[in-house]
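K.L.:
only the shape, not the letters, is given here:
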């Protein structure tokens, strides 16, 4: 899910990216052409109501490609963690 809020002069837009609360991720990050697809550049923070979210400012009048990557821990019937399962959500944003 994403929400957009333009600045008063319309030159930029605050874009909030959020994972649905139903996704039980351990960590999540936002990657895209705006941060050179760097998975460490824009980590998402867990919100008090559960989902991960991050707000970034982007220049208006452009189109951006993005992917939210999240890592979910999973286990076996013994209850021990056996690894991580990556998930993602892709979007093209037109501002």
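P.N.:
Ah, there it is. Here the structure is a predicted model, which means the values were calculated and not measured.
K.L.:
buried stuff in the helix or strand that residue 15 is a member of?
P.N.:
Here residue 15 sits within strand 12-18, counting by DSSP states H and E. Buried residues in strand 12-18, defined by neighbour count with 16 or more other C-beta atoms under 10 Å: 12, 13, 15, 17, 18. C-beta: built from backbone N, CA, C; applies to glycine.
K.L.:
which helices and strands does the strand or helix carrying residue 31 pack with?
P.N.:
Element membership for residue 31, per DSSP H and E: strand 27-32. With contacts defined as 3 or more C-beta pairs under 8 Å, 6 or more residues apart in numbering; DSSP states H and E, the packing partners of strand 27-32 are strand 52-59, strand 63-75.
K.L.:
try 7 Å this time
P.N.:
Strand 27-32 sits against strand 63-75, with contacts defined as 3 or more C-beta pairs under 7 Å, 6 or more residues apart in numbering; DSSP states H and E.
K.L.:
gap between residue 67 and residue 30?
P.N.:
Counting by C-beta to C-beta, to the nearest Å, the separation of residue 67 from residue 30 is 8 Å.
K.L.:
circling back to that earlier point, name the residues that touch the strand holding residue 15?
P.N.:
Defining contact as C-beta atoms under 7 Å, 6 or more residues apart in numbering, one finds that strand 12-18 is touched by 1-6, 30, 51-60, 68, 93, 95.
K.L.:
report the buried members of the residues you listed.
P.N.:
Taking 16+ other C-beta under 10 Å as the criterion, what is buried in those is 30, 51, 52, 53, 54, 56, 58, 68, 93.
K.L.:
who's the residue lying closest to residue 6 once chain neighbours are set aside bridged to?
P.N.:
Excluding the flanking residues, the one nearest residue 6 by C-beta to C-beta, 6 or more residues apart in numbering is residue 13, at 4.9 Å. Beta-bridge partners recorded for residue 13 (DSSP bridges): residue 6, residue 58.
K.L.:
many thanks, we can stop here.
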